[in-house]
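Chemist: give me the fold of what follows.
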Amino acid sequence: MSTPADRPAPAPPGAPGPPDPVALLRSRNYVRLLVLAAILGVPISAVAYGFLALVSYLQKEIFIHLPHGLGFATEPVWWPLPVLAVGGLLAGFAIRYLPGRGGPSAAGAFAVHAPPTPIQLPGVILAALATLVFGAVLGPEMPLIALGGGLAALVIRLARRRAVPDQAARVLGVTGSFAAVSTLLGSPLTGAFLLMEASGLGGPILGVVLLPGLLAAGIGSLIFIGLDSLTGLGTFSLALPGIPGFSHPTGAEFGWAIVIGVAAALIGPVIQRLALFLKPYADRWAMLVVPLAGIAVAVLAIIYAEATGKPTSDVLFSGENALDPLITHAASYSVGALLLLMVCKGLAYAVSLSSFRGGPVFPAMFIGAAGGIALSHLPGLPMIAGVAMGIGAMSVVMLTLPITSVLLATLLLASDGLALMPLVIVAVVVAYVAAARITPAETTGSATQRPAATAGSDSEVVSR
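Modeler: Next comes the predicted model:
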């Protein structure tokens with residue numbers, strides 16, 4: 001039974017009450033906001049598509065065509081060393097000398113930050129290209145979120161200042177981020193939930209503020225599909241076609257969900273703590289430490305390739321493009337190779353988090369999938385179930401976004417996702433709670449305090 005002290009204090013007389021979502025939805029200004037979101041979604045998603053196409057093109061040029069041009073039949077095993085050293089120099093230059101320090105670091109918890117200003121955008125783009133193109137173990141989602149938000153802010157700034165109220169401009173900034181990641185995570189819905197959880201949106205007007213971004217994400221997805229039909233470059237969406245079928249969960253698999261959740265809760269914090277330990281050195285001596293970090297990632301990739309005979313690309317890059325081949329050819333990986341892959345990828349992930357600029361989603365998914373495949377060699381765990389639970393559990397530990405983590409694991413597995421969802425939910429919940437209990441209180445607190453990109457008096461968006 002609650003006591004008077006437990007109850008919220010009554011609002012003072014004359015104080016405005018909570019915003020009415022229905023009234024906001026019916027307002028003419030809200031319709032205008034939706035129209036602006038739809039208009040912004042078209043060019044921003046096109047730019048995001050071009051950015052991802054550029055990353056894919058440059059990766060092939062550097063890791064495939066350039067070695068051939070220099071007379072090598074295949075990529076030499078030592079090739080990542082000079083490449084990542086150059087990437088580290090470029091990223092260090094952007095972080096040390098360009099405005100905005102290359103954008104937000106992913107070493108802490110995943111969060112939606114304030115969009116970069118126009119003068120900061122070049123540094124964000126250079127640091128992202130140096131990270132993604134040259135093989136650091138980070139993904140494109142955080143640079144795309146920053147790019148989308150920065151472009152939206154730039155468009156609003158170039159427009160007449162009085163045409164867009166301040167609070168509407170804040171929502172439209174996040175809307176640009178929605179459009180930029182519209183298909184990257186397999187579905188506009190996944191990107192919408194990612195940004196919703198990470199930005200700290202909530203309260204009775206959650207849906208009202210979310211709708212413009214969801215609209216922009218849907219339009220962005222259409223733009224990606226349309227540009228793919230014109231260019232043939234792909235939609236740059238993470239999809240896992242041709243995976244093994246799955247019928248229904250069993251009791252043994254629910255037991256494995258608990259095991260995988262606990263294992264992820266033990267592995268993820270080690271990666272995070274190593275990244276946070278190294279980050280101050282990278283921040284202080286960027287031009288020295290970031291290239292050294294790139295060399296360390298290259299050495300880890302070479303060790304793995306020499307020991308297993310597998311390509312260095314298993315360790316390099318975010319794992320976005322390597323995830324499907326890993327699952328498809330899982331039978332060709334021994335348990336020892338998978339464990340070494342997890343160690344090398346995990347260390348490279350931590351080093352990249354500490355120094356480079358990129359997103360933490362795809363490396364976490366890849367490590368989780370590799371762990372699930374390794375455990376599937378034990379009785380009672382089908383391979384695809386281990387992959388799904390591993391992806392969800394590692395994602396929630398590294399991102400602290402439980403709804404997004406469940407969606408990532410289930411939507412990416414297409415028709416099998418619904419059958420696997422109960423297992424994924426158990427693994428995600430166990431990992432989320434276990435990691436919170438394992439992680440020191442001060443770290444957990446800082447990880448859950450996200451910048452409220454659109455929090456606050458968002459009701460003013462449509463009331464002006």
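
Chemist: pLDDT wise, what is the residue positioned nearest the centre of the chain at?
Modeler: Geometric centre of the chain, nearest residue: residue 361, 3.6 Å, by C-alpha atoms, centre = their mean. At residue 361 the predicted local confidence, pLDDT, stands at 91.

Chemist: verify the contact between it and residue 396 for me.
Modeler: No: using C-beta atoms under 8 Å, residue 361 is not in contact with residue 396, being 11.2 Å away. Quick note: C-beta positions are derived from backbone N, CA and C, even for glycine.

Chemist: and the residue nearest to the centre of the chain, what does it touch?
Modeler: 110, 139, 141, 185, 194, 318, 395, 398-399, 408 (C-beta atoms under 8 Å, 6 or more residues apart in numbering).

Chemist: cool, and residue 250?
Modeler: So residue 250 contacts residue 380 (C-beta under 8 Å, 6+ apart).

Chemist: quick one: find the helix or strand in this protein with the lowest mean pLDDT.
Modeler: For the chain, counting by mean pLDDT, DSSP states H and E, helix 441-448 ranks last in confidence among helices and strands (a mean of 45).

Chemist: the stretch 301-450 of the chain: helices as residue ranges?
Modeler: With DSSP state H, counting those that start in this stretch as the criterion, the stretch 301-450 of the chain has helices at 323-328, 335-355, 361-375, 383-399, 402-411, 416-438, 441-448.

Chemist: who's in contact with the nearest residue to residue 312 once chain neighbours are set aside?
Modeler: Distance criterion C-beta to C-beta, 6 or more residues apart in numbering; nearest residue to residue 312, sequence neighbours excluded, is residue 301 at 4.0 Å. By C-beta under 8 Å, 6+ apart, the contact set of residue 301 is 80, 135, 312-316, 344, 348.

Chemist: what's the pLDDT at residue 301?
Modeler: In this model, residue 301 is scored at 97, pLDDT.

Chemist: check residue 289 too.
Modeler: At residue 289, pLDDT is 96.

Chemist: surely it is in contact with residue 92?
Modeler: Yes: contact criterion C-beta under 8 Å: residue 289 and residue 92 qualify, at 7.5 Å.

Chemist: neighbour count: those two, which is higher?
Modeler: residue 92 (26 against 23; other C-beta atoms under 10 Å).

Chemist: can you tell me the closest non-neighbouring residue to the more buried one?
Modeler: Residue 92's closest residue in space is residue 290 (C-beta to C-beta, 6+ apart), at 3.6 Å.

Chemist: next, the buried residues of the helix or strand hosting that neighbour.
Modeler: Assigned by DSSP states H and E, residue 290 falls within helix 286-308. Neighbour-count burial for helix 286-308, with 16 or more other C-beta atoms under 10 Å as criterion, is recorded at 286, 289-305, 308.

Chemist: not counting sequence-adjacent ones, nearest residue to residue 144?
Modeler: Per C-beta to C-beta, 6+ apart, closest to residue 144 is residue 180, 4.3 Å.

Chemist: ok, now which ones touch the one you found?
Modeler: 44-45, 47-48, 144-145, 147-149, 151, 220.

Chemist: same thing but 6 Å
Modeler: 44, 48, 144, 147-148 (C-beta atoms under 6 Å, 6 or more residues apart in numbering).

Chemist: next secondary structure after the strand or helix carrying residue 132?
Modeler: Here residue 132, judged by DSSP H and E, is contained in helix 121-133. Where DSSP H and E defines the elements, the next helix or strand beyond helix 121-133 is helix 141-158.

Chemist: fine by me, thanks again.
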